[in-house]
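Peer 1: return a 3D structure for these sequence lines:
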Amino acid sequence: MARYRNLPAEEKVGIIKSLLEEKKAQDITVLDVRGLCNFTDFFVICTGESLRQIKTISEHLEENLKRRGIRIFKNTRTGGDDNWVVLDCLDVVIHIFDPEARAFYNLERLWRNPERIESGVGDEG
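Peer 2: Numbering: from 1, shown residues only. Predicted coordinates for the structure are as follows:
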């Protein structure tokens, strides 16, 4: 059984971003929703170009976060074709979308005035 570590949310975000970059996730955006949301501190939002890439990204995160002692409390696949995967690490919630679902749900606009920590990481070809 993995030994889970109590890392600061900011450190988790850095690890998550690195893992997303490894699998070529697109348009990685981190929203600081502390003070705006009562169930998490950060949203990490990214896009996978295909359902296969979304699955690969999700599996890569699950495997490597566990290896680093970061627990995923819930893994939810939504949409009819798994076009939106949510990984809940409590203080960091990861959203992996296909391009159409990301445009439709537009989480970045859902929250009023969140601080964007970083955006566009991983856009390079």
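Peer 1: what lies in contact with stretch 91-109?
Peer 2: Stretch 91-109 has contacts (Cβ atoms under 8 Å, 6 or more residues apart in numbering) with 9, 12-13, 16, 25, 27, 29, 31, 39-51, 54, 57-58, 61, 79, 83-88, 114, 116. Bear in mind the C-beta positions are built from the backbone N, C-alpha and C, glycine included.
Peer 1: count of neighbours near residue 83?
Peer 2: Applying other Cβ atoms under 10 Å, we find 21 other residues in the vicinity of residue 83.
Peer 1: partner strands of the helix or strand hosting residue 29, parallel or antiparallel?
Peer 2: For residue 29, the host element (DSSP states H and E) is strand 26-32. Looking at strand 26-32 with DSSP bridges, its partner strands are strand 42-47 (antiparallel), strand 115-121 (antiparallel).
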